[in-house]
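**Q** Just the structure for this:
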Amino acid sequence: MENNRTADQFDMKIALDAAYAKIASLIEEKNEMQKRIAELEIYKEENESSNTEMALAYGKVCDERDKLKKEVSDLKTVLKLTIDKDDLKTRKIFGSSSEKMSNLINNSTASEILDEDENETSSCSEAQAKRNRDNIKRIQNSDASKPRKPKKSLDLSNLPKAIQFLLNIDELNAKYGEGNWRIAYWSESKSIEYPRNTAFVLRTMRPVISVGLEHEMIRIPNKNEFYPGSYVSPSLMAEIVYQKYFLFLPLYRIESEFRNKGFNLSRQTMCNWIMESVNTYLWMVYDYLITLLMNEQYHQCDETTWSVIMDGRPAGSKSFVWLHTTSELCECNPIIIFAYEMTRGTDHLRKFYEDFAGVIVCDAYCSYHVLQKEKEEIIIICGCMMHLRRRFAESLALMDIKNIPDEQLDELVEVKALKLIAEIYDADEALKNLSPEERTARRNTEVRPRVEAFYDYIESLDANDPSLSARCRDAISYSLNQKEYIVRFLEDGHIPLDNGFAERCIKPVALLRNASLFSFSIQGAESSMIIHSLMETAKANGADGYWYIRYLFEFLPSKLDQKDRSFLSATTPWSEEYKAYEAANRHKVESYRDYDDLAEKPKTPRKKDRVNIA
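**A** Numbers count the residues shown, from 1 in each chain. Reported below is the predicted structural model:
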């Protein structure tokens, strides 16, 4: 029994040892598990931190992606606009400037300009080939049905005539025998002779007389001297102004021309003379023309850029030239006024039209509408159909229509709009020679239905339709926004359909800008615009630019001291005084020989030769 207890104790000890070993193993596993859990907790924290960082990084990547997508989209839009602008510029330089439907459809776009290396037999689409064949047939049929017009002869009625008879009797006697020939009739041929004027120096001798027994010396003044103490004369000054502002030659080229004629005249001297002549004489004529312009009720306006170097602003700052002219349909002498301004702000319009009441035809520039709001019911702004048409024309010009069949071409928004606008122009063009009252009545019956048909079509379109090009949507929006101003021409026969007359009037400023590039000072820019105003007003009234400017330089010096300015009525290019002057001088060929009769030096008359004025 004792042995059994010992065995049981031994077995229990073994079991306890095994239990203790198991417990120790479990404790060790627990510690390992706790250690592993601690590691996993650390890993979890690190993983959560990484996930947070990854989420933040992913968010940043997504933001960057969206930003890049927007940037790419914006760049594509800018690129498309740049390509369109370049295509329009190329078309403007190399293509037709007409906005007629036939020219827009049949002319090549910028991308179709012929490559000299391209094979001459390059293929075109069937639709384009058919359109070309139809155009050729149409032209051939129209040419065949119409009688050929005789060649238009050159109009020489405004030139003086000279005649010469060429007859060498000795030569004819030697060739045909003396007495064996006679003149049956004279065969006439004509040629235009253009002798170049030659500059010469005119020495004007004024007597210095001795008076009385005291022998007081008196210098007889030179009456009406143009520029005292200077070499410049009215004829030379008129030639400089004519070449610069009519022929648009920069001063350095005029300088070269004078050097070729035998005398050196620097461009700086010519520039000083121009500004001095404006400050002394021409400004008063300019102000008088503005006064006459303000008496007219219907005006047209436009503006363009100009460059002035020394205007106190950073380099590259733009200045502007404003144009104000009488309406194209006014029954008055046209007056064209240019005004220089440093900005394009409304302040110029406020100052220029301070006392004006009437109608202004212009483009959609906001300053005109601001002026109308400030002077409501005093100034009325009218829009320009040409600007509206130009937007549709540019949209069509940028489309690749060479592969579009005629049926689909006629369904384009641009084509439909341009056809409707063409009908408006055709109807209104037929009324230009009527009186304003008759034009108003005929517009209501013939033009108004076409304008209403155009706007019915435009209003049926969606300006936000994504299937339309950006330029087409812009043209639709412009048409709707400007409707109030564009249709006003229907109410008054004095108002033109568009502002094309003003755009044509301002073109010489662009030509001078391209030739001269800039003005050095504000005074120079203002002087240029004053001379431009006089020159373009003269041209618009059919006057010769050179003789008109010369007339002013010869007429005005004697009027400077007069307080009564009534003489200014004789300074307009339509005045009877100027017309008589131009008629007497326009075809006169001047030479230094014209002064031969005055070249003999006179002597003091003797007492017996003096006329007794008692």
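**Q** May I ask which helix or strand of the protein has the lowest mean pLDDT?
**A** Lowest by mean pLDDT, DSSP states H and E among the helices and strands of the chain is helix 126-145, with a mean of 54.
**Q** Which SSE is immediately downstream of that one?
**A** On the C-terminal side of helix 126-145, the closest following helix or strand by DSSP states H and E is helix 169-176.
**Q** And that next one, what's buried?
**A** Using 16 or more other CB atoms under 10 Å as the burial criterion, none of the residues of helix 169-176 qualify. Where C-beta positions appear, they are placed from N, C-alpha and C, glycine not excepted.
**Q** Mind listing the strands the next helix or strand after that helix pairs with, and their directions?
**A** Using DSSP H and E, the helix or strand that follows helix 169-176 in sequence is strand 208-211. Looking at strand 208-211 with DSSP bridges, its partner strands are strand 216-219 (antiparallel).
**Q** got the CA coordinates for the strand it pairs with in CSV?
**A** Extracted C-alpha coordinates of strand 216-219, given in CSV (Å, rounded to 0.1, in the frame of the first residue of the first chain):
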residue,chain,number,x,y,z
GLU,A,216,16.4,156.6,-92.1
MET,A,217,16.9,153.1,-93.2
ILE,A,218,13.7,151.0,-93.5
ARG,A,219,13.5,147.4,-94.5
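**Q** which residues touch that strand?
**A** Contact partners of strand 216-219, identified using CB atoms under 8 Å, 6 or more residues apart in numbering, comprise 206, 208-211.
**Q** mind running it again at 10 Å?
**A** 206-211 (CB atoms under 10 Å, 6 or more residues apart in numbering).
**Q** Could you export the next helix or strand after that strand as PDB, CA atoms only?
**A** Per DSSP H and E, the first helix or strand lying C-terminal to strand 216-219 is helix 234-245. Provided in PDB are the C-alpha atoms of helix 234-245 (Å, rounded to 0.1, in the frame of the first residue of the first chain):
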ATOM      1  CA  PRO A 234       4.200 126.800 -98.900                       C
ATOM      2  CA  SER A 235       5.000 124.600-101.900                       C
ATOM      3  CA  LEU A 236       7.800 122.700-100.100                       C
ATOM      4  CA  MET A 237       5.700 122.200 -97.000                       C
ATOM      5  CA  ALA A 238       2.800 121.000 -99.000                       C
ATOM      6  CA  GLU A 239       5.000 118.500-100.800                       C
ATOM      7  CA  ILE A 240       6.300 117.100 -97.500                       C
ATOM      8  CA  VAL A 241       2.800 116.800 -96.100                       C
ATOM      9  CA  TYR A 242       1.500 115.300 -99.400                       C
ATOM     10  CA  GLN A 243       4.200 112.600 -99.500                       C
ATOM     11  CA  LYS A 244       3.800 111.700 -95.900                       C
ATOM     12  CA  TYR A 245       0.100 111.800 -95.400                       C
END
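**Q** do you know how far residue 85 is from residue 79?
**A** 11 Å (CB to CB, to the nearest Å).
**Q** Report the residue ranges of every domain in this structure.
**A** Domains of the chain are assigned by automatic domain parsing as 1-81, 232-383+502-602, 399-498.
**Q** May I see those arranged in a markdown table, with distance to residue 164, mean pLDDT and mean neighbour count as well?
**A** Shown next, in a markdown table, are those (distance: least, CB to CB, whole Å; pLDDT from 0 to 100; neighbours: other CB atoms under 10 Å):
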| stretch | distance to residue 164 | mean pLDDT | mean neighbour count |
| --- | --- | --- | --- |
| domain 1-81 | 64 | 80 | 10 |
| domain 232-383+502-602 | 16 | 90 | 17 |
| domain 399-498 | 43 | 90 | 17 |
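**Q** ok but residue 301 is inside a helix, no?
**A** No: assessed with DSSP: H, G, I helix; E, B strand; the rest coil, residue 301 is strand; it does not lie in a helix.
**Q** which helices and strands does the helix or strand where residue 52 lies pack with?
**A** Taking DSSP H and E as the definition, residue 52 sits inside helix 2-94. In terms of contacts (3 or more CB pairs under 10 Å, 6 or more residues apart in numbering; DSSP states H and E), helix 2-94 is packed against helix 385-397, helix 470-481.
**Q** Using TSV, lay out those helices together with distance to residue 436.
**A** What follows is the helices and strands packed on helix 2-94, written out as TSV (distance: least, CB to CB, whole Å):
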stretch	distance to residue 436
helix 385-397	18
helix 470-481	26
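**Q** just so I know, which of these lies nearest residue 550?
**A** helix 385-397 (36.3 Å; CB to CB).
**Q** That closest one: what's the following helix or strand?
**A** Next helix or strand after helix 385-397 toward the C-terminus (DSSP H and E): helix 406-409.
**Q** right, and the helix or strand after that next one?
**A** Reading on from helix 406-409 to the C-terminus, the next helix or strand found by DSSP H and E is helix 413-429.
**Q** Could you list the low-confidence segments of the stretch 101-250 of the chain?
**A** Scanning the stretch 101-250 of the chain for pLDDT under 70 picks out 101-153, 191-197, 223-224.
**Q** one more time with 90
**A** Counting by pLDDT under 90, the stretch 101-250 of the chain shows low-confidence ranges at 101-236.
**Q** Next, residue 322: phi, psi?
**A** Dihedral pair for residue 322: phi -100, psi 140, per degrees, to the nearest 10.
**Q** gap between it and residue 40?
**A** Taken as CB to CB, the span from residue 322 to residue 40 is 81 Å.
**Q** just residue 80 next, same as before
**A** Applying CB to CB, the value for residue 80 to residue 40 is 57 Å.
**Q** again, but for residue 343
**A** 73 Å.
**Q** ok, back up a step: let me know which of the helices and strands packed on helix 2-94 is the nearest to residue 413.
**A** Of those, nearest to residue 413 by CB to CB is helix 470-481, at 5.7 Å.
**Q** elements contacting that closest one?
**A** By 3+ CB pairs under 10 Å, 6+ apart, helix 470-481 packs against helix 2-94, helix 385-397, helix 413-429, helix 448-459.
**Q** and the angle for the last one with helix 385-397?
**A** Think helix 448-459. 50 degrees (axes from the mean of the first three to the mean of the last three CA atoms, to 10 degrees).
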